[in-house]
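> sharing a model that was predicted from the sequence below.
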Amino acid sequence: MTSARQSYELPAPVAEGAQGEPIRNLADILRQRRGISDDVVALKGSDFSETYRELDTRSSQLAHALRADGIEPGDRIAIFSANNQYFMEIVFAAAKIGAIAAPINTRLSEKEVLALMGTCEPKVLFVGEAEKAAAPAQDAVPGLARLLDAQSYEEYIAGQPTDDPGYEATPDEVAVLLFSSGTTGLPKGIQLTGRNFSTNLADKIPGDDYDGPRVAMAPVPFFHVTGLTSALGSMNKGSTLILRLPTGIADLMSLLIDEKVTHAVGVPTIIQMLTQLPEAKDADWSHLKQFGYGGAPMPLPVIYAAHEVLGCELVQGYGLTETCAAVTALWPDDHRPKPGRERQVGSVGKALPGVEIKIVDPATKQEVPVGERGEVYVRGSRVTPGYWNRPEEDAKAFSEDGWFATGDGGSLDEEGYLYLHDRIKDMIVTGAENVYPAEVESTLSGHPGIAEVAVIGVPSEKWGESPYAVAVRRPGAQVTAEEIIDWSREQIAHYKCPVGVTFVDVLPRNPNGKLLKRVLREQFSDLAAPV
Ligand code: AMP
C-alpha cells in the first residue's frame, strides 16, 4: 500500500446509519436498520422480493455457513452473477465475518474469469443461473473450497443460526475487491474499505429534504462501483431497490412509473431518451424526486427537458472505481443555472467533502494554475488504499503523499468546478508542449470537407511526438491532407496542427459510439511524422 493517509489535509467524512451511529463497515448498514425497517422490501426483482429482516437473517445464515467452512477475515468470496438477492446477501455476509466480497464482471469470457480467479484466489465462488456457461469448474480454480449456485446456496445456509456473527471490521479493512474495466491487460483488483464506502454514503444532496418512502432504481451491474454504491446507499436509507433490468427505454419508463421510483440513476443518454418519449409528457412523474447520472457531460437542452418533462432534480457525479465512485458532484442548483452561469453545467461539479483535487502537468508533475489543463489528481478518504497485490501499479498511480493520478485530463475554474477533457494517455506531448486531441479535433471538425475526425500522436524525430489526423471526408468532398493542414494553421497554434492527415471510411467506435483511440493507434502504429 502506497498511500500515506496521515498526510491528508481534510478530515474523512463518516456516514451515519439509520440509528444515527457511524457506519464503520458494510455490516453496520444492516445492523442499524434493525427495528426500523424490518418489514420494508429491501430488494425487489421480477420474481422475488426480500425485506430488510430477510436480507439481514439470510446474510447472517450465510456468514455462519462460511465461518463453519473455515472462511476467515480477509478471505475472498467471489460473485459471478447478475444483480439479485444472493449478490447483496453475499456482500453483507462477507462483511459480518470480515471476508472480502469480490464481484466479477459477468460479461467476461471464461478465460478472463479464470485469470481473475488467479488474481483474487477466492475460497468460495457464487455463480448466477445465467452466468453458469462462462463460469470455471471448481477444480480449475486453485484453492476454491466451494462453488455455489442458487440451489446449493439455499442448501448451504439452511439450518444455520440467524443471529449476526458480530465481526466488527475496522474502517481500514478491505470490504470489497472490484476489478477495473481495463481495456488492455488483466483488470486490476481495486481494494475498497469500510472507510471508502462510509465516505461515499455520507454524501448529502443540498436541498434534498425528502423523507418519505424511497424507491430506488439503478439499472447498473453491482460489479460496477456505481451499481454497488447505489445499492448500498439505497440500503442505508431503507429504500426499496428495484432490481429488474429494463429491456428498453419504453420499459424503463413503465418501470419507473409502475414502481413509483423516487430516486433513479442512469447516464445522460437515458435521460435524454426518456424525455423524448411521446408518452412521457403526459405521464405522472410526481413520485420521481431525483435522477443521478455520470459518465458523460449533460447537454443543457436535456437538462431543461428533464426539468420540464420529468420534473425531478438532477445530480451528476464524477469518479472512478479507485475513488469508490464520485469525488465531485454537480448539484441540483447547478442544473438550474442563473443567466451567465451556464458554463458550470458543462463541468462535473465541485469536490465532495473530504476530497482534495489538483491538476498536474503530466510531464513536470507540477500543479498547474487555475484554468490550465493537466491530469486530475485526487486525494482523500474515498481513494482506495491500493491495488490487490500489484505494487508496481500502486507505484504508478499513487504518490508518496497519497495523491491518486486518475488518468483523466481536466481543469479547475476559479470556483473549483472541475471540467474533464481527454484521458491523459490520449494527450500528445510535442516538443515541450501538451496538445489535447479534443481541441484539435473540434477545430478540424469545422472544416467543410470533414465529416468526422480523430487526432492521435505519432512518433516524430524532431519533437518526440506530433499530432496526426485520421478523418472521414464529407460525401462528395475532395479535400486533401495539405489543404487541411494549411487551413488548420490559420485556426490554431502550429504545434497543435496535424503533421499529416489520413482519410478513412469510418472511425472505430465501441457499441456506445465512443471513439476507440486505442484501436486507432494500433491501426496506425506504423505512421510517423514526416522528417
Ligand atoms: P470506472 O472506474 O470504470 O468507473 O471508470 C471511470 C472513468 O469514467 C473516469 O476515469 C472517467 O474517465 C469516466 N467518468 C466517470 N464519471 C464521469 C463523468 N461524470 N463525466 C465524464 N466522464 C466520467
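In hand now; what should we look at? Numbers count the residues shown, from 1 in each chain.
> I'd like to know which elements the helix or strand of the chain with the lowest mean pLDDT is packed against.
Ranked by mean pLDDT, DSSP states H and E, the weakest helix or strand in the chain is strand 433-435, scoring a mean of 84. Under the contact criterion of 3 or more CB pairs under 8 Å, 6 or more residues apart in numbering; DSSP states H and E, strand 433-435 touches strand 428-430. (Glycine included, C-beta is placed from N, CA and C.)
> could you rerun that using 10 Å?
For strand 433-435, the packing partners by 3 or more CB pairs under 10 Å, 6 or more residues apart in numbering; DSSP states H and E come out as strand 428-430, strand 464-473.
> what distance do you get for A63 to A250?
41 Å (CB to CB, to the nearest Å).
> more neighbours, the two?
A63 (30 against 14; other CB atoms under 10 Å).
> state the pLDDT value of the more buried one.
Looking at A63, its pLDDT reads 98.
> that one and A101 touch, don't they?
No. Using CB atoms under 10 Å, A63 is not in contact with A101; the gap is 11.7 Å.
> report the contact partners of G311.
Contact analysis of G311 by CB atoms under 10 Å, 6 or more residues apart in numbering lists 284-286, 288-289.
> out of those, which end up buried?
Listed as buried from those are 285, 288-289; burial here means 16 or more other CB atoms under 10 Å.
> closest to L30 among these?
K289 (24.2 Å; CB to CB).
> for E308, see how far away that closest one is.
K289 is 16 Å from E308, by CB to CB.
> and the chain, which residues reach the ligand?
Proximity of the chain to the ligand (CB under 6 Å from any ligand atom) is limited to residues 180-181, 225, 294-296, 316, 318-321, 348, 406, 408, 420.
> so which of those sits lowest on pLDDT?
S181 (58).
> for the stretch 151-300 of the chain, which segments count as strands?
174-179, 189-193, 215-217, 240-242, 263-266, 290-294 (DSSP state E, counting those that start in this stretch).
> using a markdown table, lay out those strands together with mean neighbour count.
Listed next are those as a markdown table, based on neighbours: other CB atoms under 10 Å:
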| stretch | mean neighbour count |
| --- | --- |
| strand 174-179 | 26 |
| strand 189-193 | 24 |
| strand 215-217 | 24 |
| strand 240-242 | 25 |
| strand 263-266 | 24 |
| strand 290-294 | 22 |
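> tell me which of those lies nearest to G354.
Here strand 189-193 is closest among the strands of the stretch 151-300 of the chain (CB to CB), at 13.7 Å.
> what is the closest one packed up against?
Going by 3+ CB pairs under 10 Å, 6+ apart, strand 189-193 lies up against strand 100-103, helix 110-120, strand 174-179, helix 194-201, helix 225-236.
> next, the angle from that strand to helix 225-236.
20 degrees (axes from the mean of the first three to the mean of the last three CA atoms, to 10 degrees).
> now the stretch 151-300 of the chain, which segments are flagged as low pLDDT?
Applying pLDDT under 70 to the stretch 151-300 of the chain flags the ranges 181-186.
> point me to the residue of it nearest the ligand.
G294 (3.9 Å; CB to the nearest ligand atom).
> go ahead and confirm that residue touches Y318.
Yes. In this structure, G294 is within contact of Y318 by CB under 10 Å, at 6.2 Å.
> need the overlap of contacts for the two.
325-326, 328-330, 348.
> residue of the stretch 1-150 of the chain closest to the ligand, please.
N105 (10.1 Å).
> ok, and the closest non-adjacent residue to that residue?
F223 (5.2 Å; CB to CB, 6 or more residues apart in numbering).
> contact partners for that neighbour?
79-83, 87, 102-108, 176, 178-179, 181.
> which residues in the stretch 251-400 of the chain form helices?
268-276, 300-305, 391-397 (DSSP state H, counting those that start in this stretch).
> so which of those helices is the most surrounded?
Across those, the average number of neighbours (mean count of other CB atoms under 10 Å) peaks for helix 268-276, which reaches a mean of 18.
> what does that one contact?
By CB under 10 Å, 6+ apart, helix 268-276 touches 219, 246, 248-250, 252-253, 256, 264, 266-267, 280-281, 283, 285, 291, 293-299, 301-310, 312, 314, 316, 512-513.
> what angle sits between it and strand 290-294?
140 degrees.
> could you list the low-confidence segments of the stretch 401-531 of the chain?
511-513.
> would you map the strands across it?
Counting by DSSP E, counting those that start in this stretch, residue ranges of the strands within the stretch 401-531 of the chain are 404-412, 418-423, 428-430, 433-435, 450-460, 464-473, 501-503.
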